[in-house]
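[1] based on what follows, work out the 3D shape:
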Amino acid sequence: MLFTPLHAAAVRGRVDVARLLVDCGAVVDAPDDRGRTPLMRAAEHGNVPVVDLLAGAGARLDWVDAFGWTALYQSALCGQRDMTAHLLRLGADVDGAGGESPVLAAAGGASPRALATLRNANVDFYMRRCRATTVPVHQAASQALRLRHAFLVLDLLVDHGADVRRLRDADGVSPVRLAALAGRCAAVTLLVAAGADLSGEEWIVARRWPAAVADNTELCDWLHELASARVRPLRELCRLAIRRHVRPRVRQSVATLPLPEYLISYLQINIS
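    Okay, here's the model as predicted:
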């Protein structure tokens, strides 16, 4: 499987062994048979010290594996907010470095297609009797099914400037559509507030609402108003401008500003 000793140390979180291997000349960006480097394996298991060690030794944060995933993409897919935040602090490309966009994973949550790829990428390591099992990844994937975990990751990506304007997945589906299909109303609101382009969303103009959001008439009316307008209303432009210039963690920053409560409530997005 092209697993090197450094891969094994990364999976197990053995930072002492990893340091010894690096000092002895181990190739930090050696890919396994899935195109994944030791840093990617350390990230998927949440092993922060090993990630830091490898990044400090010159490992590429934005290595793209055989599936088009970066370490940040998989962290977003699995709802690993802490690892997502850490990779962003280290300088990982928030837009996926030319591979799959982490925003797509965070917007749609753990979709069947994404989970199928995750299973193909990881389960067979266990089935092939590799001792480097991927239990933490599957636990994280289960967490991604909880809307709050997935939303917090999406919020984090948006606050770090992820491009959500004209983004589409391989099937031509936008993050807004993915979030609507998953019934994630707060994620839809966040994406639109972050500047997602609704001009090509014919399902909104035609009011063909996904069943998961059809009962939320306030959201649907708001989306229809924005998608039908030739220009974005001033109030939405104001919210967009503030989100883009108050970073990081706009939710925490807005609450500290000397603003009326109604305006703070408007600028924030309720995720309860």
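[2] now the end-to-end length of stretch 51-68.
    20 Å (C-alpha to C-alpha, to the nearest Å).
[3] that stretch: how far from the chain's middle?
    On the basis of C-alpha atoms, centre = their mean, to the nearest Å, stretch 51-68 sits 17 Å off its chain's mean C-alpha point.
[4] pick out the residue closest to the middle of the protein.
    In the chain, the residue lying closest to the centroid (C-alpha atoms, centre = their mean) is Ala76, at 3.1 Å.
[5] just the pLDDT for it.
    We have a pLDDT of 89 for Ala76.
[6] I'd like to know how far the residue lying closest to it once chain neighbours are set aside sits from Glu44.
    Leaving aside its sequence neighbours, Ala76 sits nearest to Pro102 (C-beta to C-beta, 6 or more residues apart in numbering; 3.9 Å). To be clear about C-beta, it is placed using only N, CA and C from the backbone, and glycine gets the same treatment. Using C-beta to C-beta, to the nearest Å, Pro102 is found at 14 Å from Glu44.
[7] and what of Arg235?
    From Arg235 to Glu44 the distance is 41 Å (C-beta to C-beta).
[8] more neighbours: those two, which one.
    Glu44 (26 against 9; other C-beta atoms under 10 Å).
[9] could you pull up phi and psi at that one?
    Main-chain torsions, Glu44, degrees, to the nearest 10: phi -70, psi -20.
[10] wait, isn't it in contact with Tyr73?
    No: counting by C-beta atoms under 8 Å, Glu44 does not reach Tyr73; the two are 10.6 Å apart.
[11] just to revisit the earlier point, which residues do Pro102 and Glu44 both contact?
    Ser75 (C-beta atoms under 8 Å, 6 or more residues apart in numbering).
[12] now for the host helix or strand of Arg89, which elements pack on it?
    Using DSSP states H and E, Arg89 sits within helix 81-90. Packing partners of helix 81-90 (3 or more C-beta pairs under 8 Å, 6 or more residues apart in numbering; DSSP states H and E): helix 48-56, helix 71-77, helix 147-159.
[13] pick the most deeply packed of these.
    Mean neighbour counts were compared across the helices and strands packed on helix 81-90 using mean count of other C-beta atoms under 10 Å; the top stretch is helix 71-77, at a mean of 31.
[14] can you give me the helices for the stretch 51-200 of the chain?
    Using DSSP state H, counting those that start in this stretch, the helices of the stretch 51-200 of the chain run over residues 71-77, 81-90, 102-108, 112-127, 135-143, 147-159, 175-181, 185-193.
[15] once you drop chain neighbours, what's closest to Ala106?
    That would be Leu154: by C-beta to C-beta, 6+ apart, it lies 3.8 Å from Ala106.
[16] now do the contacts for the one you found.
    Shown in contact with Leu154 (C-beta under 8 Å, 6+ apart): 76, 103, 106-107, 187, 190-191.
[17] burial of Met1, as a residue count?
    Around Met1 there are 12 residues (other C-beta under 10 Å).
[18] check the one 10 residues further on too.
    Neighbour count of Val11, defined by other C-beta under 10 Å: 23.
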